[in-house]
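K.L.:
Turn this into a model:
(chains A, B and C)
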Amino acid sequence: MNLTLKIWRQKDANAKGKMVDYKVTDISEHMSFLEMMDVLNEQLVNTGEEPVAFDHDCREGICGMCSMYINGKPHGPDKGVTTCQLHMRMFKDGDTIVIEPFRAVAFPVIKDLVVDRSSFERIQQSGGFISVNTSGNTQDANAIPIAKEAADKAMDAATCIGCGACVAACKNASAMLFTSAKVSQYALLPQGQVEAVERVQNMVRQMDLEGFGNCTNTGACEVECPKGISLENIARMNREYLSASVKG
Amino acid sequence: MSGLIKSSIARKVVMALSGLFLVFFLGQHLFINLTAIIDPDTFNTLSHFMGYNPLVQFILQPVLIAGVVIHFIMGFVLELQNKKARGVKYAKYGGSTNASWASRNMLISGAVILAFLGLHLYDFWFPEMAYKYIESNPEDATRYFPELAHKFHSPVRTGVYCLAFVLLMLHLWHGFSSAFQSMGVNNKYSTGLRKFTQIYAIVIPLGFIVIALCLHFSHL
Amino acid sequence: MALDSKIPKGPLKDKWTDYKNHIDLVNPANKRNIDVIVVGTGLAGGSACATLAELGYNVKAFAYQDSPRRAHSIAAQGGINAAKNYQGDGDSSYRLFYDTVKGGDYRSREANVYRLAEVSSNIIDQCVAQGVPFARDYGGLLDNRSFGGVLVSRTFYAKGQTGQQLLLGAYSAMNRQIARGKIEMFNRHEMLDVVKVDGKARGIIARNLITGEIERHSAHAVVIASGGYGNVYFLSTNAMGSNATAAWKIHKKGAYFANPCYTQIHPTCIPRSGDYQSKLTLMSESLRNDGRIWVPKNIEDVMAIREGRKKPTDLSEEERDYYLERRYPAFGNLVPRDVASRAAKERCDAGYGVNATGEAVYLDFKSAIARYGKEQAKLNHITNPSEAKIYELGQAIVEAKYGNLFQMYEKIVDEDPYKTPMMIYPATHYTMGGVWVDYNLMTTVDGLYCIGEANFSDHGANRLGASALMQGLADGYFVLPYTIGNYLSNDIRTGKIPTDTKEFEEAENEVKERINFFINNKGEHSVDYYHKKLGKIMWEKCGMSRNAEGLKEAMAEIKALREDFWKNVKVPGTENEMNPELEKAGRVADFLELGELFAKDALNRNESCGGHFREESVELDGLQKGEAKRNDKDYAYVAAWEYKGEPAAAVLHKEELEFNDIELKQRSYK
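P.N.:
Numbers count the residues shown, from 1 in each chain, chains lettered A, B, ... in the order given. Below is the predicted model of the structure:
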């Protein structure tokens, strides 16, 4: 198939960017979206133009590196996938595809479609851990039984890949789904209880400091999350936060 | 208080609590108004009670005003912050593909409701205040229904009221259930609760619309 | 230099304990004055960073991604082994050790493997304490599954995302130390050379991938944890950015490179579909617990399927060849990866491949769905359930176990694997070879360590499933923090290492020269052009089966390709900006050297062992006819290569492998 691409080009963080049109031809429907981008870049290198910079790594939907806001949706039109898992069969011959970086003040553009998500890092550093040192004397893994349901829910929350689609999709650029996924994971496990009060307060404080917007419960994050992280986690974080405010 | 509302979650809780209070107020308001189309005498009695009971007048009324003001200011502050959080806008934004119109446009529905509230106060509350506290007229337990019915003679005003109630419907559709989410309520009853809030969101404004239309057409 | 593996004396099971009891320690006050650089933040690097920082060292960590959480360990699906014996099925440290040595075809170092098996249970305890949500049973205790090549259930897992959860565990431990300032994290940085001062590793040269700035970083020791070199094949299950540059640079600065020919070709990957393909996707080996692998028995059916006249579901049981069950009745579909991969290749080479490229076999869940369905019907007291009901119940179980994998398959291939069998084919997955290290995990350069997949260490010639995660975390959490202390205890009086010395300057200039070359070379071909060509040579001549003639050709072809690369490569953009093509150019330049050493090593090892299959070395008769034939008399050694200016000129050093606690046997899965 033949496609027209409208891509955000921006030389570096300080430069002014703009949308630029490109044409790609003979795209197979079995290609992934990123493979289509490879074709474009190969084409640009061969004609002496600078290729489009975009983040990507594992190309199997787990590292969370790939981003891109495609035709009005983070990771494009398919459900439950990252951009690397999006296949060209989702598009039609002759389509125009608009490709933009994830937009948020807390995700400044580094170049073209590459954004800086270090705000997520700082949120995790503010409390996304259990303070246990490595030692050979930790108690046996089976010493505390954990109800399967709690363990499964913790796992569901923990599957967050930190891609930022929730922020990109949210009309407020809120990072509540991301932050709440980590808070929830630990809130559901006995190991997470000891630091529960400080954790949720510190992580929410850092999230606010980074300049993300407020949650207005539109649910766009849940719809666009490639890992299906549920809004239930946001409610749990709200609950944890309120109880922490009372306790702490 | 100031420390509390510095955090995004606390601000949301303030929104939720003030919102829930207003939701409750709407319910009782509708209940009293419904009597207007069933039995004008009951309406007069209830209105008179509300108008002259000191608890209602000097405790509940200021609380209600505070609730409206807080809900409005906080909503506006949140919206400003939220706008700021995006920075550069998307060239092609697909907001409608992943969230409902109601949830994305609470500011619009809220602003319309606020404007309506102005009209509503102009219609009823200011005259009422003037009647009682400025002109110091004597108590008259029969005047409420005629005052109400009179307002709905105008088709324009009736139309404006109905339109505002439709926006209220949208506002409640998202806002009521959202309040529970903001306060961390999410459990096995959530689905049922959500259904209830959605029914409420339709029934309450619809009730007001029915009253407005009834009064308008009964006059014709 | 003769190789000294520094294996402690004494009985196998006491070696590690005795070693720990007798090493020199650094007191806590002195640890504050010691810096350690860790390159790579996957399971090995991330866990090492966290533990070293907890101990009190100042850690500088480097990752080319924008976060440690994105390292490719995250993609490991199936699980992590540990000799916990929670299932009471007779597991023990010795048995895990035995299985790993046997699985590695007796080409790993006994003492290292035993230590690995010994610390494996600590890993699970540690991870649970960190909040890693492993799968649990209804009693709330940890669940296990079994994996290829073993007879016990010792694999712990977190859905199909075990690597992700373990990495996020290590990442959380790192975050705690980053917040404390004990780890200084350098995201989007790539190490481009190691700096040696007086023969010791004392720092690195790194490029800031956002600004292009070349930076000098010093430390008292350098740890390389940069993963494997599977991307030498261009197409592999590795991440796009996975590269061998750090490992190869230290090789050029004196670290020996061991057994590069030991590569794991994983049997259950989604087959390639076209030339545009950028990577291959792995489907967890755990699928083989329930899936049955087959091709049609008759070549006519193969043709009919390829031409679309028949569907795989049209074939009756009698018309199917479950070749693994046929050839290896004892282990069936659960034979080790190398055996399963070669068996698939054997069928496809014989013309039985079931897709258009002729390179695919079926992985079928029909039997498992029926089995689970019947079980569920019984559990739910459904009498005389219909076929459809059984299918529905069974599908729900399979979905619970492998749902995410099935979904992934459907997204890529656009076929529903619940209805029609999956198609799979082997793909490059893991490299057992790597930088040679001694028992301390130190390379042949003082103060330079190598951990995780980047070293050659524990897997011998073939890695068993769920052992990579185990090794990465064992190295990082439980081994390196001890062994490196022993070395650093001599550095407590050294003080900060200055970066304004001639050694740093020379290394930096070398790096800059190379970058300038790429930017200024106005060649004709893109970096990928060369990478793809290299990959094709590697896959065809150094792939699942190898012979002397092909390997010699491969060496010559890679050399020629490399020479052409240095003349004709084209890199757009400049050096002072984010430039992904420039990054790739450096990595491919190193692959073009590593590939040749790979072929040289494969040529040298004229035996078949583990993932390395030489067509010249097969069993000629008996029950094992046609199977790989190992040669313990001549090749029971680690081939460690010393760099001498050209890959072809590398000098071989042998570390003889001694097996005192295990009997060398033909690896039989029949």
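K.L.:
what are the phi and psi values for the residue in chain A positioned nearest to chain C?
P.N.:
Going by CB to the nearest CB, chain C is nearest to A:Pro145 of chain A, at 3.0 Å. (C-beta placed from N, C-alpha, C; glycine too.) Note on A:Pro145: backbone dihedrals following degrees, to the nearest 10 are phi -70, psi 140.
K.L.:
residues touching it, list them.
P.N.:
By CB atoms under 8 Å, 6 or more residues apart in numbering or on different chains, the residues touching A:Pro145 are C:Arg136, C:Gly139, C:Gly140, C:Leu141.
K.L.:
now those residues as a markdown table including distance to chain B, neighbour count and secondary structure?
P.N.:
Output for those, formatted as a markdown table (distance: CB to the nearest CB, whole Å; neighbours: other CB atoms under 10 Å in any protein chain shown; DSSP: H, G, I helix; E, B strand; the rest coil):
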| residue | distance to chain B | neighbour count | secondary structure |
| --- | --- | --- | --- |
| C:Arg136 | 21 | 22 | strand |
| C:Gly139 | 23 | 11 | coil |
| C:Gly140 | 21 | 15 | coil |
| C:Leu141 | 26 | 15 | coil |
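K.L.:
What is the lengthiest helix in chain C packed up against?
P.N.:
Criterion DSSP state H: the longest helix present in chain C is helix C:387-413. Secondary-structure packing of helix C:387-413 (3 or more CB pairs under 8 Å, 6 or more residues apart in numbering or on different chains; DSSP states H and E): helix C:366-379, strand C:422-431.
K.L.:
Which one of these lies nearest to chain B?
P.N.:
It's helix C:366-379; of the helices and strands packed on helix C:387-413, that one is closest to chain B (CB to the nearest CB) at 24.5 Å.
K.L.:
Next, the buried residues of that closest one.
P.N.:
Residues of helix C:366-379 classed as buried: C:Lys366, C:Ala368, C:Ile369, C:Arg371, C:Tyr372, C:Gly373, C:Gln376, C:Ala377 (neighbour count, 16 or more other CB atoms under 10 Å in any protein chain shown).
K.L.:
circling back to that earlier point, now tabulate the helices and strands packed on helix C:387-413 in TSV and tack on distance to A:Phe212.
P.N.:
Converted to TSV, the helices and strands packed on helix C:387-413 look like this (distance: least, CB to CB, whole Å):
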stretch	distance to A:Phe212
helix C:366-379	44
strand C:422-431	38
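K.L.:
Select, out of the ones you listed, the one closest to chain A.
P.N.:
Closest to chain A of the helices and strands packed on helix C:387-413, according to CB to the nearest CB: strand C:422-431, at 11.9 Å.
K.L.:
Quick one: mean pLDDT for the helix or strand following that closest one?
P.N.:
Downstream of strand C:422-431, the first helix or strand assigned by DSSP states H and E is strand C:434-435. In this model, strand C:434-435 has an average pLDDT of 98.
K.L.:
Any idea how far strand C:434-435 is from the middle of the chain?
P.N.:
Strand C:434-435 sits 12 Å away from the centroid of its parent chain (CA atoms, centre = their mean, to the nearest Å).
K.L.:
With stretch B:179-187 instead?
P.N.:
With CA atoms, centre = their mean, you get 21 Å for stretch B:179-187.
K.L.:
what's the answer for stretch A:118-132, then?
P.N.:
Chain-centre distance of stretch A:118-132: 15 Å, with CA atoms, centre = their mean.
K.L.:
Show me what counts as buried in that stretch.
P.N.:
Under the neighbour-count criterion of 16+ other CB under 10 Å, stretch A:118-132 has A:118-130, A:132 buried.
K.L.:
among those residues, which are within reach of chain C?
P.N.:
Applying CB under 8 Å from any CB of the partner chain to those, one finds that A:Ser118, A:Phe120, A:Glu121, A:Gln124, A:Gln125, A:Ser126, A:Gly128, A:Phe129, A:Ile130, A:Val132 fall near chain C.
K.L.:
Am I right that the second one falls within a helix?
P.N.:
Okay, so that is A:Phe120. Yes: under DSSP: H, G, I helix; E, B strand; the rest coil, A:Phe120 sits within a helix.
K.L.:
quick check, nearest of the contacts of A:Pro145 to C:Ser242?
P.N.:
Proximity of the contacts of A:Pro145 to C:Ser242 (CB to CB) peaks at C:Arg136, which lies at 32.0 Å.
K.L.:
Could you give the number of residues near the residue nearest to the closest one when sequence neighbours are not counted?
P.N.:
Among residues not flanking C:Arg136 along the chain, A:Ala151 sits closest, at 4.4 Å (CB to CB, 6 or more residues apart in numbering or on different chains). Using other CB atoms under 10 Å in any protein chain shown, A:Ala151 is surrounded by 22 other residues.
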